[in-house]
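> Provided below are the primary sequence and the corresponding predicted coordinates.
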Amino acid sequence: MFNVAVLKMRDIIKYFIGIIITVLMVVLISRNFNKDTKEEKIVQEVKSGVRTLSQNSMLNCIEHTMPVVADLNKEYNDIAKEDDIPKNQDFLEGILKSQLSSIKGIEKIEEKNIELAKNQATTSKTQQENKEEQVTVAETGLTTQVVTNNPISENYNVQYGKVKIKNQTNYQLTEEMMTPNITIENKNVLIFHTHSCESYTSSQNYSYTPTGTFRTTDLNFTVTRVGTELENQLKQYNRNVIHNTNYHDYPSYNGSYTRSLATVENILKTNQADIIIDLHRDAIGSRSDYAPSVKIGENDIAAQIMFVIGTNGGGLWHPNWNQNLKFAIKVQEKAEEMYPGLFKPIMLTNSRYNQHTGKYANIIEVGATGNTLEQCLTSMKYLAKVMDEVMK
């Protein structure tokens, strides 16, 4: 469908160019060769070309018109030598060269669009192959230890049990507001990415070509790939997961949340889900080497995870923000029990972040720019195990 649209545009532009060339020929011939019988014949041929443009297909019109133009150019060159009017000849040739150049430009654009389509198809195929990889689920009863190099100190001002919260709103969080006394009835999980192109530090196994600062349009190396891993892990526990991999921050970053909201609302029309996860990468501060990490067991280094929960503090309608917060506390409470240190403090903000779309909607930020993709994929193994325990 994409290539058909390009070809139609190409034909339309060629059609337009053909009309311009024909009109110019008629004007020039009428002005300079009006009294000459031979030139009148040429004019008739050009007029015939005009009729042909309205009767035949675009490519046939061009093929019909070009011989007339060639003959006209020959005749006009002969007359130009006699009358010494090279500027008109240059003008005519300039027009033809300009239009032919435009056609070549269109062909180049078409080639680029075809190449882009091929790249997207390759990406989709690779993503499908990733989904089919063998998935190893998380073990329990493992020791954990935060191993972040040059860590940024934890910043929180509220605590519920072992769950820490950085409250950036004017709400005074009471015990009742934080108690995770919720029942998850609809256990479908929807995963999407408002910032689909967020990427990590390249590694030997996951080296990529960036198309921005810690960003790439190759979704095999972005937070979108992390979402695929979470999807695969949750399915090991027989959870129903919908993972949307649409671009929402490309080609324009501005308007990402508007586009992702439309995506989520369309999905929810036919697939209900209480748990809605907007998966991101943390972009904290200006330190590109910041890599919050936790060692789990003997070998796994996992990127730390953080919930970001929005409220109606910014003035937008959001009646269920407290339910969202309770869900985040419930998950993090279980994580502190199973894999302490996997999560950083919850961030509670005034912004809504499209979290009005579900009872348990949230942003989950996986790792930061200094983490590798391997570390973030490892995190999803343990997050899925925690979520499965919470949903039982």
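Right, received. Where do you want to start?

> any weak-confidence spans in this structure?
Counting by pLDDT under 70, the chain shows low-confidence ranges at 1-16, 26-133, 285-286.

> can you pull out the helices in it?
Secondary structure of the chain (DSSP state H): helices at 2-32, 37-55, 58-83, 86-131, 175-178, 223-235, 256-268, 321-338, 373-390.

> send me the fifth one as CSV with only the CA atoms.
So that's helix 175-178. Output of helix 175-178 as CSV, limited to C-alpha atoms (Å, rounded to 0.1, in the frame of the first residue of the first chain):
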residue,chain,number,x,y,z
GLU,A,175,-2.0,5.4,55.3
GLU,A,176,-5.3,4.6,53.6
MET,A,177,-4.1,6.2,50.3
MET,A,178,-1.0,4.0,50.2
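
> neighbouring contacts of it?
For helix 175-178, the surrounding residues in contact (CB atoms under 8 Å, 6 or more residues apart in numbering) are V158, Y160, V163, I165, Y171, N322, L325, K326, I329. Just so you know, the C-beta spots here come from the backbone N, C-alpha and C atoms, and that holds for glycine as well.

> roughly how far apart are the second one and S351?
Counting by CB to CB, to the nearest Å, the gap from Y160 to S351 is 22 Å.

> next, the buried residues of stretch 160-178.
For stretch 160-178, a neighbour-count test (16 or more other CB atoms under 10 Å) marks Y160, V163, K164, I165, K166, N167, T169, Y171, L173, M178 as buried.

> next up, the contacts around the residue nearest to the second one when sequence neighbours are not counted.
Among residues not flanking V163 along the chain, Q332 sits closest, at 4.9 Å (CB to CB, 6 or more residues apart in numbering). Applying CB under 8 Å, 6+ apart, one finds that Q332 lies in contact with V163, F307, F343, I346.

> and the second one, bridged to which residues?
In this structure, F307 has beta-bridge partners I364, where bridges are defined by DSSP bridges.

> residues contacting it?
Residues near F307 by CB under 8 Å, 6+ apart: A328, V331, Q332, F343, I346, M347, N362, I363, I364, E365.

> redo those as CSV? Include distance to Q236.
Below are those laid out as CSV (distance: CB to CB, whole Å):
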residue, distance to Q236
A328, 23
V331, 18
Q332, 22
F343, 21
I346, 26
M347, 29
N362, 22
I363, 24
I364, 19
E365, 23
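
> from those, which is closest to D218?
Distance to D218 across the contacts of F307 (CB to CB) is lowest for E365, with 20.7 Å.

> number of nearby residues for the closest one?
Neighbourhood size, E365 [other CB atoms under 10 Å]: 23.

> E139 too?
Using other CB under 10 Å, E139 has 12 other residues around it.

> ok, now how distant is it from F214?
According to CB to CB, E139 and F214 sit 31 Å apart.

> same thing with E176?
Distance, E176 to F214, by CB to CB: 40 Å.

> likewise for I191?
According to CB to CB, I191 stands 21 Å off from F214.

> with neighbour numbers in mind, choose between the two.
Per other CB under 10 Å, whichever of I191 and F214 has more neighbours is I191, with 23 against 18.

> contacting residues for M387?
Contacts of M387 (CB under 8 Å, 6+ apart): V189, L234, R239, I275, V331.

> separation between it and L342?
Separation of M387 from L342 (CB to CB): 12 Å.

> cool, and A303?
Taking CB to CB, one finds A303 at 9 Å from L342.
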